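Enquirer: Okay, predicted coordinates and the sequence, questions at the end:
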Amino acid sequence: MSILSKIKQTNHKQIALLIDPDKYNKPLLTNQIDSAIEAKVDYIFLGGSLISNDASDLCISLIKSKCTIPIIIFPGNGTHLNANADAILFLSLISGRNADLLIGNHVHVAPMIKRQKIESISTGYMLIESGTITTAQYISNTLPIPHNKSEVAVATAIAGEMLGLKMIYLDGGSGAQQPISEKMISAVKANISLPLIVGGGIRNKETALGMVKAGADLIVVGNAAEENPKLIIEIAKYIRQP
Ligand code: 1GP
């Protein structure tokens, strides 16, 4: 089964652990993988907005030596490809107006991804203002959608679906001070029929549960699970409780 079909068909709320290959540290990553296994994390996302010391191969081989959790590349730019992953989010930054991130980089990397034969999941990526300028905003040179403008997020997500994208990812950016509001999540979810991914600034189980109750199908936790690898176990249990 493709990973996209799995994301669509899984009937529990899903969680992804985000690993930043730039922060590779074997003992920490080993701890994170152990917690991901215990938490029955659905996916491991691998990526970051700025990859300056790419240790993706090391991360992938360590993850694959310990578990079969699918690894999905969450690329910061077109150089971040890896044929040993299971899939790649083929991101189009639809909240921004930077042509390179809407279609330009894609033209360069599409033939390579096709040759690598890894699953490519076209995803409408939307940056939402989160209380601070995040690396993703700065590097992408785009304006995020204002935090309280749910109607802009809804219109953007609908346009993404009409363009044929397969998932929508609402992201406050790594280390967001303010996670995406439940109001925005529920408004977007009510207006699209695509899987909805939400991430950025999830630091506790209550925030995570609020997001899945509002309509997030898959939540992504990065920074907070670096500081406390066991948090992912707590969040996974909490959001999947009946
Ligand atoms: C960022 O959505 C991810 O792109 C995760 O963010 O590191 O803040 O959890 P955090």
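Expert: Cool, the structure landed.
Enquirer: Show me which helix or strand of the chain is least confident by mean pLDDT.
Expert: Every helix and strand of the chain was ranked by mean pLDDT, DSSP states H and E. The lowest is helix 135-140, at a mean of 93.
Enquirer: which parts of it are buried?
Expert: For helix 135-140, burial by neighbour count (16 or more other CB atoms under 10 Å) applies to 136-137, 140. For every residue, glycine as well, the C-beta is placed using N, CA and C.
Enquirer: now for the helix or strand following that helix, which elements pack on it?
Expert: Next helix or strand after helix 135-140 toward the C-terminus (DSSP states H and E): helix 150-162. The elements that helix 150-162 packs onto, with contact taken as 3 or more CB pairs under 8 Å, 6 or more residues apart in numbering; DSSP states H and E, are strand 119-127, strand 167-171, helix 182-191.
Enquirer: May I ask which helix or strand encompasses the spatially most central residue of the chain?
Expert: In the chain, the centroid-proximal residue (CA atoms, centre = their mean) is V220; its distance is 5.4 Å. Per DSSP H and E, V220 falls inside strand 218-221.
Enquirer: For that strand, enumerate its sheet partners and note whether each is parallel or antiparallel.
Expert: Strand 218-221 pairs in its sheet with strand 14-19 (parallel), strand 196-199 (parallel), by DSSP bridges.
Enquirer: anything in that strand near the ligand?
Expert: Yes. Contact between strand 218-221 and the ligand is present through 220-221 (criterion: CB under 6 Å from any ligand atom).
Enquirer: near the ligand, which residues of the protein?
Expert: Near the ligand, when you scan the chain using CB under 6 Å from any ligand atom, you find 18, 171, 173-176, 199-202, 220-224.
Enquirer: Out of those residues, which one has the lowest pLDDT?
Expert: Among these, G175 carries the weakest pLDDT, at 85.
Enquirer: Give the burial count for it, as a bare number.
Expert: Counted with other CB atoms under 10 Å, the neighbours of G175 add up to 16.
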